[in-house]
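Enquirer: 3D model of this:
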Amino acid sequence: MEYWQDNVISENLTKLVELTDCSTGLLNRLKEQKVLSREDVEKISACKTELEKSDQLYKIIVKRANAFDILVKALEDTTQSGAAIILTTKSNRNVEKPVVNKEVTKS
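Expert: Numbering: from 1, shown residues only. Below you'll find the model as predicted:
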């Protein structure tokens, strides 16, 4: 996952967790696209509340390469446009990875 994508999720996590319904349809779409494994789906499904399920989903998603666009499409396909809109808002895409000054000073 690219830096800006991780940042969009982390900065909007509370709202995303509230808006995301970890329905069978969403989890199956993500599993079909190889974003989630069977074990991931079981782990999410074992959570007691819907908020815990959504939180667990995003914890897994941020660790997966190329998962962002697949997640957005799966949210759209399962009529979860609120979460999809948060993830795709153009202003969120302008976040760049901070530049670390690697200048070496001589003693």
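Enquirer: and the pLDDT for the closest residue to residue 31 other than its chain neighbours?
Expert: In space, and not counting its chain neighbours, residue 31 is closest to residue 41: 5.6 Å by CB to CB, 6 or more residues apart in numbering. The C-beta positions use only the backbone N, C-alpha and C, and glycine is treated the same way. You'll see residue 41 listed with a pLDDT of 97.
Enquirer: may I have whichever strand or helix holds residue 41 exported as PDB, CA atoms only?
Expert: When elements are assigned from DSSP states H and E, residue 41 belongs to helix 38-45. Taking C-alpha atoms only, helix 38-45 is exported to PDB below (Å, rounded to 0.1, in the frame of the first residue of the first chain):
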ATOM      1  CA  ARG A  38      -9.600 -17.600   4.500                       C
ATOM      2  CA  GLU A  39      -7.900 -17.100   7.800                       C
ATOM      3  CA  ASP A  40      -8.300 -13.300   7.600                       C
ATOM      4  CA  VAL A  41     -12.100 -13.700   7.000                       C
ATOM      5  CA  GLU A  42     -12.400 -16.100   9.900                       C
ATOM      6  CA  LYS A  43     -10.500 -13.700  12.100                       C
ATOM      7  CA  ILE A  44     -12.700 -10.800  11.100                       C
ATOM      8  CA  SER A  45     -15.900 -12.900  11.500                       C
END
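Enquirer: ok, and what's touching stretch 50-70?
Expert: Outside of stretch 50-70, the residues within contact range by CB atoms under 8 Å, 6 or more residues apart in numbering are 1-2, 5-6, 9-10, 13, 16-18, 20-22, 27, 30, 33, 35-36, 40, 43-45, 47, 71, 87.
Enquirer: just the buried residues of these.
Expert: Neighbour counting with 16 or more other CB atoms under 10 Å marks 1, 5-6, 9, 16-17, 20, 22, 27, 30, 35-36, 40, 43-44, 71, 87 as buried within these.
Enquirer: ok now stretch 47-56, how far from the chain's centre?
Expert: Distance, stretch centre to chain centre, for stretch 47-56: 14 Å (CA atoms, centre = their mean, to the nearest Å).
Enquirer: same check, this time on stretch 54-66
Expert: With CA atoms, centre = their mean, you get 5 Å for stretch 54-66.
Enquirer: list the buried residues in that stretch.
Expert: For stretch 54-66, a neighbour-count test (16+ other CB under 10 Å) marks 54-58, 60-62, 64 as buried.
Enquirer: right, I'll leave it there.
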